[in-house]
Structures are given as structure tokens and as C-alpha cells.
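1. Sequence first, then the predicted structure, then my questions.
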Amino acid sequence: MDEPRTKWEQLQSRFKNSWFGIIVLALIALAVFLSQVGDATKKVIDWIRPLPAADLWVQPMPPRIEPLEQFRELVKSAGPDTIYAVGATFHFGLQHDGTGEEVISINSLDVRVDAYDPRAGCPYTLTGDRIFGAGEAPLRVFDVRMSRGRVEAVQRKDQRNGPIMRGRSNNLLDIEPPLPLVLRKTEIEKIIVTFIVDDAGRYRIGLSIRYTNRNGPKTAEIPSVAICKPQE
């Protein structure tokens, strides 16, 4: 019983008995050879002069920071020395820089507490305090509760009538259900993070974005801001 032949052997037996067939086979063999040479050449060029890896842009940098609406009148200036009353909202976007077709994986969006002093005073007093969460929350917003110098609770809602995702980790993406973020060329992921402190004292809170491109893991830092809640 004859053993089954490969497609190349079947093609040879079909065309090898005519000049036309021989020419066809020669062209096919030449195309395969050139393809292999081209792949090898590309690998050598990539090794000698590799293409730059896609990178992450944070837009804008530094991000736009807003005070909580109910305490807006207590914030007298904007800049690195501003002290926000009770909480603050970070507005920024994560964007692929457009280099090649490589994707960027966002591994974590970590809350970074650069300083915490429960005994520090605030340059203002509170005359009233509205209930947090009253009214209709905006979409695609992380709400982060801080207490005793760490993250107390996280929640995010992606759809107006959808489920609320909850977590307790410093990594805001570590929620249920998990929230994977992958950026492709020209894509931008808009992020809004609202911090609210429950305990009296002064915080400096920022964010660290850990991501991976072709060169391995990297980190982008978002500068911290001061948030202060006075003693009741």
C-alpha cells in the first residue's frame, strides 16, 4: 500500500512531466525561497536596528484636578501647593503613543499615599457636609474611600443601570468582576478617580500606572496632591 504523499509531492507528480509544469514548480520554489530569505533578512534588520516599542502617554500630564463640588469654595488656588478639602477628582487619559501595532497592557492603577498625618491641621473649617453619593453618579468613575492612610473601599460603575464593581485593594483595577485594560494604536482610555477621605488629617495621594510593552514592565507616575479633612 502506497504511503500518503505530501501536497508538494502531489504537485510535483502533476506538473513535472511538462515544460509548463516545470516552470510552475520552479516559480513556486523560487517564491518559497524568497519568502524565507525575506523573513531571515527582516529578523537580522530587527536585531541590528529594532523598531521602538510602543509606549504609554498620560494626557494631560499633570492631570486636571478638581475639588469636590460641595467644598469648591474652600480651595483658594490651583497648583502643587493646593490643599483640597475632604477629597479631589483626577481627570486623565491613558493613550497608546501610536508606535507600531503593538498593544500596551495596563496591569494596575495603584493608589499611592506619599504622606499621611492624622494630626495635621487644615487651613479651613467645615460648616456643613453633604452626603457623599447623593444624586446620580457620573459614568466610568472610580470612587475611592480613604481611611487611616490606606484604601478603605473602591467602587466603579460603567453603565447607568449596570452593576457596581467593588474592591478594597490599592490597585483600582482589582475589582469584581476584574477590569482588564489593553490599549491599541490610537486608542485612549479616559479615567476619572475621585478620592474621599473619611478620617481627619492630611494626605498626599497620587497614582502609579504599571503597564507592559515589548520591553517589559514599566511605571508611569501621576503626581500626588494634598487632601485635608479637619477634626470635627
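-> Now that the structure is in, tell me what you want to look at. Residues are numbered from 1 along each chain as shown.
2. thinking Tyr116 is in contact with Gly149, fair?
-> Yes. Between Tyr116 and Gly149 there is a contact under Cβ atoms under 8 Å: 3.8 Å. Quick note: C-beta positions are derived from backbone N, CA and C, even for glycine.
3. Could you check which of these two has the larger neighbour count?
-> The residue with more neighbours, out of Tyr116 and Gly149, is Tyr116; 17 against 14, by other Cβ atoms under 10 Å.
4. model confidence over the particular helix or strand that has that one in it, on average?
-> Using DSSP states H and E, Tyr116 sits in strand 104-117. For strand 104-117, the mean per-residue pLDDT is 94.
5. Who are the packing partners of it?
-> Applying 3 or more Cβ pairs under 8 Å, 6 or more residues apart in numbering; DSSP states H and E, one finds that strand 104-117 contacts strand 141-147, strand 181-183, strand 188-197, strand 201-213, strand 216-229.
6. again, 6 Å this time
-> Counting contacts by 3 or more Cβ pairs under 6 Å, 6 or more residues apart in numbering; DSSP states H and E, strand 104-117 packs against strand 181-183, strand 201-213.
7. Which positions in the first one come out as buried?
-> If I follow you right, that is strand 181-183. Leu181, Leu183 (16 or more other Cβ atoms under 10 Å).
8. right, and the helices and strands packed on strand 104-117 - which one's nearest Asp55?
-> Nearest to Asp55 among these is strand 201-213 (6.3 Å), distances taken as Cβ to Cβ.
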